[in-house]
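Engineer: turn this into a structure:
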Amino acid sequence: MKQQLSKREKLLIILMAVIVVVFVGYRFVVSPVLAYYNNQITQRDNLQLQKDDKTAILNIGASLEENFGALQDTYNNVLSAYPYLLVNDDIDRLVTTLCSNCNLEPFRLSISDIKTPAGDTVADITTDQNIFYVITANMNLSGDYDALKSLLNTLSNNPYIVLRQFSFSNAYAAGSTNLTASFDVEMLNPGYYLFQQ
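Structural biologist: Alright, predicted model coming up:
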């Protein structure tokens with residue numbers, strides 16, 4: 001017994017088949033493809049952000065390398081103004097010549113032990129890790145007020161000899177002025193080679 005399906009029933013079956021095909025196609029084909037596509041777009045955006053971050057880091061690295069080179073040059077230029085470790089005879093000659101060139105007559109000199117910039121005495125220079133050392137030279141000088149001014153002007157242009165303290169008498173009287181001066185002579189540690197190639 002075969003019954004003929006009416007036009008209406010055929011239309012409903014076709015409509016139902018189309019709805020099932022659309023639903024199944026959307027659910028099992030279109031939806032996963034859209035999810036995969038959105039996932040790929042998100043991954044692409046994340047990779048682009050990572051690439052931009054790494055590019056920025058590389059640019060910063062190049063900039064830092066240039067800045068480091070400039071700092072290294074500045075550091076080496078500053079250090080080139082300082083003498084390497086001097087012995088007492090060299091310190092004597094240095095400060096005596098400095099004072100004599102300014103028309104001051106030295107008549108007493110005492111030189112301290114080598115110290116760190118913090119004032120600690122250095123026991124063994126070969127193992128010490130400081131870049132700079134300081135030796136203090138205490139002097140008694142005689143000369144006139146213009147010679148004292150000349151000494152102060154000369155010291156203001158000298159990066160490694162620092163006048164730590166001084167006292168004088170008869171500064172305004174005509175003739176001789178007695179001056180007691182304490183100089184710190186800053187020197188480089190020859191065993192410390194920072195930034196050397």
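
Engineer: contacts and neighbour counts: CA atoms only from here.
Structural biologist: Noted.

Engineer: remind me which helix or strand the residue most central in space within the chain belongs to.
Structural biologist: Centroid check for the chain by CA atoms, centre = their mean gives residue 71 as the closest residue, at 7.1 Å. Following DSSP states H and E, one finds residue 71 within helix 31-80.

Engineer: report the distance from that helix to the chain centre.
Structural biologist: 21 Å (CA atoms, centre = their mean, to the nearest Å).

Engineer: same question, stretch 103-117
Structural biologist: Stretch 103-117 has its average C-alpha position 34 Å from the chain's average C-alpha position, going by CA atoms, centre = their mean.

Engineer: in this structure residue 138 contacts residue 179, no?
Structural biologist: No: with the criterion set as CA atoms under 8 Å, residue 138 and residue 179 do not qualify as a contacting pair; they are 10.6 Å apart.

Engineer: quick check: mean pLDDT across the helix holding residue 71?
Structural biologist: With pLDDT averaged residue by residue, helix 31-80 scores 88.

Engineer: repeat for stretch 98-118
Structural biologist: On average, stretch 98-118 scores 84.

Engineer: relative to helix 31-80, how tilted is the helix or strand containing residue 139?
Structural biologist: Remark: residue 139 resides in strand 132-143, with elements defined by DSSP H and E. Using axes from the mean of the first three to the mean of the last three CA atoms, to 10 degrees, one finds that strand 132-143 and helix 31-80 are set 30 degrees apart in direction.

Engineer: what residues does strand 132-143 touch?
Structural biologist: If you take CA atoms under 8 Å, 6 or more residues apart in numbering as the criterion, strand 132-143 is touched by 85, 91-92, 95, 103-117, 175-189.

Engineer: helix, strand or coil for residue 130?
Structural biologist: Three-state assignment for residue 130 (DSSP: H, G, I helix; E, B strand; the rest coil): coil.

Engineer: after the helix holding residue 71 comes which helix or strand?
Structural biologist: Elements were assigned by DSSP H and E; along the chain past helix 31-80, the next helix or strand is helix 88-101.
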